[in-house]
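Peer 1: Give me a model of this one.
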Amino acid sequence: MFRFANSEYLYLLFALIPMAAIFGYAMYRRSRNLKKYGNYQILKQFMPGYTTWRYYFKCALFMIALAGAIFVAARPQFGSKLEMVKRKGVEVMIAMDVSNSMLCEDIKPSRLQKSKQMIYKFVDGMENDKLGLIVFAGQAFTQLPMTSDYSAAKMYASNISTGVIPTQGTAIGAAIKMAVNGFSSKTNVGKAIIVITDGENHEDDAVEQARIANENGIQVHVIGIGKPEGAPIPDGHGSFRKDIDGQTVITKLNEQMAAEIAAAGGGLYVRADNTNNALKYIQSELDKSAKGDVESKVYTDFDEQFQTIAWIVFVILIIEIFIRERKNKFLSKFKLF
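Peer 2: Numbers count the residues shown, from 1 in each chain. Modelled structure (predicted):
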């Protein structure tokens, strides 16, 4: 496993973009100023040994060295020892609606994006728990099996879109059934399903599947995403989706359906808004669940890899120091630069 111990330093790489622009502008100003004194080709004859490529080469070496220094500060590491560890936690499966109605923007920035943001927040609040991710529309699909790899969970969540499942619809029941099968067989650990949906179930009996899950010791919580009064669905071309009669489709949060599913699953129903209150209520409920032994494979030792990069940076800086914008009289005999 590869990681950066101080990954926050990698954001400094973005500073290289304006720095490169500054170097380029400085070279442009220099060339423009030279042209004020006459023809550039004639002036070059009075500046023997001067070449512009040396300046660009020095700048490139400096930028590479600076990027390398940032990587050194971030401390790249490789995992060297993998162990199975036991921690006290719960198992959670998140079932997220990815039907076209989730493109509705009655919750900012949209129902879909708000749902993804909630998943990020939820993962950030996890410590020793395990998490799985299911997406559903007309069908259900396991996006991420149960894992304790939170980085992977956030990465998979970021890739969710309404296009991951081609069959349209809202098969909440199928998603709950799939989530139930995704848990471990342990009986001493709390288990919960979190369904994020606008509640427009068109495919199956979600209430019955939630009841079955609850009978198996799994709570089903539902986060309603959207507003009861509804809103049109953007079509991605500056307009809104229409039905076969040419009328604008209005998608509404079905709170009654969502609440019935949560009640049958022995869990909570909360409606999401532009705050994170809904997530806090669910997290508070999960904290009451029994904490059992959750096994996961983790790297317990990591080998530092920054030394090699540091030596490369050092060599590049030495080369950059010895390269001058004019030819070195001594080195020019050897035609090195």
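
Peer 1: ok, residues contacting stretch 187-194?
Peer 2: The set of residues external to stretch 187-194 that reach it, using Cβ atoms under 8 Å, 6 or more residues apart in numbering, is 89-95, 122, 176, 179-180, 183, 213, 217-223, 265, 267, 282, 285-286, 289-294. All C-beta spots, glycine's among them, are computed from the backbone N, C-alpha and C.

Peer 1: For PyMOL, what selects the buried ones among these?
Peer 2: Here is the PyMOL command that selects the buried residues among the contacts of stretch 187-194 (16 or more other Cβ atoms under 10 Å):
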select buried, resi 89+90+91+92+93+94+95+122+176+179+180+183+213+218+219+220+221+222+223+265+267+282+285+286+289+292+294
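
Peer 1: residues contacting residue 118?
Peer 2: Taking Cβ under 8 Å, 6+ apart as the contact definition, residue 118 lies against 196, 223, 272, 276, 278, 279.

Peer 1: can we see that at 6 Å?
Peer 2: The contact partners of residue 118, by Cβ atoms under 6 Å, 6 or more residues apart in numbering, come to residue 279.

Peer 1: same check, this time on residue 264
Peer 2: Residues counted as contacts of residue 264 (Cβ under 6 Å, 6+ apart) are 207, 210, 211.

Peer 1: do the same with residue 100
Peer 2: By Cβ under 6 Å, 6+ apart, the contact list for residue 100 reads residue 162.

Peer 1: From residue 173, how far out is it?
Peer 2: Computed as Cβ to Cβ, to the nearest Å, the residue 100 to residue 173 distance reads 19 Å.

Peer 1: where in this structure is pLDDT low?
Peer 2: 1, 34-53, 79-87, 201-203, 290-302, 324-337 (pLDDT under 70).

Peer 1: Output the longest helix belonging to it.
Peer 2: If each helix of the chain is counted by residues according to DSSP state H, the longest one is helix 52-74.

Peer 1: helices or strands up against that one?
Peer 2: Applying 3 or more Cβ pairs under 6 Å, 6 or more residues apart in numbering; DSSP states H and E, one finds that helix 52-74 contacts helix 306-322.

Peer 1: What angle do helix 52-74 and the helix it packs on make with each other?
Peer 2: 160 degrees (axes from the mean of the first three to the mean of the last three Cα atoms, to 10 degrees).

Peer 1: Give me the buried positions along helix 306-322.
Peer 2: Along helix 306-322, the positions that meet the burial threshold by neighbour count (16+ other Cβ under 10 Å) are 306, 309, 313, 316, 317, 320.

Peer 1: Also stretch 112-121?
Peer 2: 112, 114, 115, 116, 118, 119.

Peer 1: Just to be sure, the last one is in a strand?
Peer 2: Translated: residue 119. No - secondary structure assignment (DSSP: H, G, I helix; E, B strand; the rest coil) places residue 119 in helix, not in a strand.

Peer 1: got the CA positions of stretch 283-291 in PDB?
Peer 2: These are the backbone C-alpha positions of stretch 283-291, laid out as PDB (Å, rounded to 0.1, in the frame of the first residue of the first chain):
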ATOM      1  CA  GLN A 283     -24.900   9.100  13.300                       C
ATOM      2  CA  SER A 284     -26.300   9.600  16.800                       C
ATOM      3  CA  GLU A 285     -28.600   6.600  16.300                       C
ATOM      4  CA  LEU A 286     -25.700   4.400  15.100                       C
ATOM      5  CA  ASP A 287     -23.700   5.300  18.200                       C
ATOM      6  CA  LYS A 288     -26.400   3.500  20.200                       C
ATOM      7  CA  SER A 289     -25.800   0.300  18.200                       C
ATOM      8  CA  ALA A 290     -23.800  -2.600  19.700                       C
ATOM      9  CA  LYS A 291     -20.100  -2.300  19.000                       C
END
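
Peer 1: Give me the distance between that stretch and the centre of its chain.
Peer 2: 26 Å (Cα atoms, centre = their mean, to the nearest Å).

Peer 1: Can you pull out the residues in contact with it?
Peer 2: Residues contacting stretch 283-291 (Cβ under 6 Å, 6+ apart): 88, 89, 90, 125, 190, 192, 268.

Peer 1: Kindly indicate which of those residues lies nearest residue 166.
Peer 2: Lowest distance from residue 166 to the contacts of stretch 283-291 (Cβ to Cβ) belongs to residue 192, with 29.1 Å.

Peer 1: Can you tell me the strand partners of the helix or strand hosting that closest one and which way each runs?
Peer 2: Take DSSP states H and E as the rule and residue 192 turns out to sit in strand 191-197. Strand 191-197 has its sheet partners listed here by DSSP bridges as strand 91-97 (parallel), strand 218-224 (parallel).

Peer 1: in its sheet, what does the following helix or strand past the last one sit against?
Peer 2: Helices and strands here follow DSSP H and E; after strand 218-224, the next one along the chain is strand 231-232. Taking DSSP bridges as the criterion, strand 231-232 sits next to strand 250-251 (antiparallel) in its sheet.

Peer 1: got the buried residues for whichever helix or strand comes after the strand it pairs with?
Peer 2: In the C-terminal direction, the helix or strand that comes right after strand 250-251 (DSSP H and E) is helix 255-264. By neighbour count, and taking 16+ other Cβ under 10 Å as the criterion, the buried residues in helix 255-264 are 255, 257, 258, 259, 260, 261, 262, 263, 264.

Peer 1: Thank you kindly, that will do.
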